[in-house]
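1. Prediction below, plus the sequence it came from.
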Amino acid sequence: MTQKLKQYFLGYFLYFPCSFLIIYMIWMAIVKSVQWAEVISNCTSIIGIYYLIASVWFVFLLQKQTKHRT
């Protein structure tokens, strides 16, 4: 994996989801006063959809890079 792909991976699979979790939980639980169970349920649903989309995108990115190398 190249350095650029490692940066993509860290950004799209670790940094963005973790920052989203923190910001979303603060916003919904503290600012809007929604119950924690609903906040966790909504947050994990959104993160699950995000990971599906990001995984498909990352697979296409890897295929593009392997085709480009050969």
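-> All right, it came through fine.

2. separation between residue 22 and residue 58?
-> Distance, residue 22 to residue 58, using C-beta to C-beta, to the nearest Å: 23 Å. To be clear about C-beta, it is placed using only N, CA and C from the backbone, and glycine gets the same treatment.

3. With neighbour numbers in mind, choose between these two.
-> residue 58 (16 against 11; other C-beta atoms under 10 Å).

4. Just the buried residues of the helix or strand containing that one, please?
-> Taking DSSP states H and E as the criterion, residue 58 maps to helix 36-69. Burial within helix 36-69, assessed by neighbour count using 16 or more other C-beta atoms under 10 Å, is assigned to 39, 43, 47, 54, 58.

5. and the last one, what does it touch?
-> For residue 58, the residues meeting the contact criterion (C-beta atoms under 8 Å, 6 or more residues apart in numbering) are 8-9, 12-13.

6. can you check the fourth one too?
-> By C-beta under 8 Å, 6+ apart, the contact list for residue 54 reads 12-13.

7. quick one: low-confidence ranges for the protein?
-> Applying pLDDT under 70 to the chain flags residues 1, 69-70.

8. which one is the spatially most central residue of the chain nearest to, not counting chain neighbours?
-> Centre of the chain computed as the mean C-alpha position; nearest residue by C-alpha atoms, centre = their mean is residue 17, 3.9 Å away. Counting by C-beta to C-beta, 6 or more residues apart in numbering, residue 17 lies nearest to residue 47, which is 5.6 Å off, once chain neighbours are set aside.
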